[in-house]
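**Student:** Build me a structure from this.
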Amino acid sequence: MATGSIVIVGTGITLGSHISPLSRSYIENADVVFAGVADGITELWLKEMHQDVRSFAPLYEEGKSRHETYQQMIDLMLAEVRLGKKVVCAFYGHPGVFAYAPHKVIELARAEGYAAHMEPGISSADCLHAELGIDPGKVGCQYFETSQYMFYQRNIDPTAYLVLWQVGIAGDKSMARFGTGAAYRQVLVELLAEHYPLSHQVILYEAASLPFQQARISKLPLSALPQAEMNLKTTLVLPPATSLKKNQAVLDKLAAIRAAEQLQTTADIAEAATAELPESEYRPDDMSCQQS
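**Tutor:** Just a heads-up that it's a prediction; the model follows:
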């Protein structure tokens, strides 16, 4: 295997408190560190761990396709790997969530024979579940990228939570904008209104990036969404609109299976008890023989 390597690590959401010890160790022991993080403060924090931190921030420009930006990121990382260096790239949140470049660079590096893997980080989804008190195991939780939800026919279950990521750029097909306006979000509202009443209370959520910040948790009716303030970090959460409905046909089938299992268990116990009796103690005709 080639000598170069790459590890993609997650810094988590809140500065300093969400990164794992293993990810920190990779950063400290790298030859070069790339940074795909949310702000300059986080970059400065990374520079306290390593002297050669190279920011991806200058690659992002309004009007420039993010596909082009992602390819530039991949090329920069692979160039250092091919030089035989231990490369680490620190991405905001979880490096594998809503992140094309990390997955692609690992795929390409492995194809060329280099060691490459990803270390997880705390994502905004993790923060969302903690701060909004949502247990996905209770009624279920659906995740969609907002524009993808708008562009394709997706099945929505209004008895579960619906989480729409990147609602601030709802409806953007250019991959070059940092925000879309009320007209785009009105289309989203009309689509959601097929499943939810316009009066349904929804939540705009933004996790805190810095320890002294508070998470944004704004509740508003669905009808007010087009005029709401939002950015690239804003997530839309729709609580369930209706209650779970029992599938009685399936419940009846399962009940029949359980009943059959109980009958079989009873029969097995009886058979086992009979089989365990010593032969000398099981002679139903002994008494009649003695009387003859």
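**Student:** hey, let's count contacts and neighbours off CA atoms from now on
**Tutor:** Noted.
**Student:** T69 - that's part of a helix, no?
**Tutor:** Yes - assessed by DSSP: H, G, I helix; E, B strand; the rest coil, T69 belongs to a helix.
**Student:** And it, how far from E61?
**Tutor:** Remark: distance between T69 and E61 (Cα to Cα, to the nearest Å) = 9 Å.
**Student:** between the two, which one's more packed in?
**Tutor:** With neighbours defined as other Cα atoms under 10 Å, T69 and E61 compare such that T69 has more, 19 against 13.
**Student:** surely that one meets G63?
**Tutor:** No - T69 lies out of contact with G63 (Cα atoms under 8 Å); the separation is 11.2 Å.
**Student:** any chance you could map the strands in the stretch 1-150 of the chain?
**Tutor:** Remark: strands assigned in the stretch 1-150 of the chain by DSSP state E, counting those that start in this stretch are 5-10, 32-36, 53-55, 86-91, 115-118, 141-145.
**Student:** Now mean pLDDT and distance to V167 too, for those strands, in a markdown table please.
**Tutor:** Shown next, in a markdown table, are those (pLDDT from 0 to 100; distance: least, Cα to Cα, whole Å):
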| stretch | mean pLDDT | distance to V167 |
| --- | --- | --- |
| strand 5-10 | 98 | 23 |
| strand 32-36 | 97 | 21 |
| strand 53-55 | 97 | 26 |
| strand 86-91 | 98 | 21 |
| strand 115-118 | 98 | 27 |
| strand 141-145 | 97 | 8 |
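**Student:** Indicate which one of the ones you listed is closest to Q264.
**Tutor:** For the strands of the stretch 1-150 of the chain, the distance to Q264 is smallest for strand 141-145, at 38.0 Å, taking Cα to Cα.
**Student:** what's the spacing between that closest one and its chain's center?
**Tutor:** Between the centre of strand 141-145 and the centre of its host chain there is 9 Å, according to Cα atoms, centre = their mean, to the nearest Å.
**Student:** Neighbouring strands - and their directions - for that strand?
**Tutor:** Applying DSSP bridges, strand 141-145 is found paired with strand 161-165 (parallel).
**Student:** Quick one: mean pLDDT for the strand it pairs with?
**Tutor:** Taken as a whole, strand 161-165 has a mean pLDDT of 98.
**Student:** Touching it from outside, list them.
**Tutor:** Contact with strand 161-165 is made by 136, 139-146, 156, 234-240, as judged by Cα atoms under 8 Å, 6 or more residues apart in numbering.
**Student:** do that again at 6 Å, thanks
**Tutor:** Residues outside strand 161-165 that contact it (Cα atoms under 6 Å, 6 or more residues apart in numbering): C141, Q142, Y143, F144, E145, T146, T235, L236, V237, L238, P239, P240.
**Student:** Stretch 142-158 now?
**Tutor:** Stretch 142-158 is contacted from outside by L162, V163, L164, W165, Q166, V167, A170, G171, P240, A241, using Cα under 6 Å, 6+ apart.
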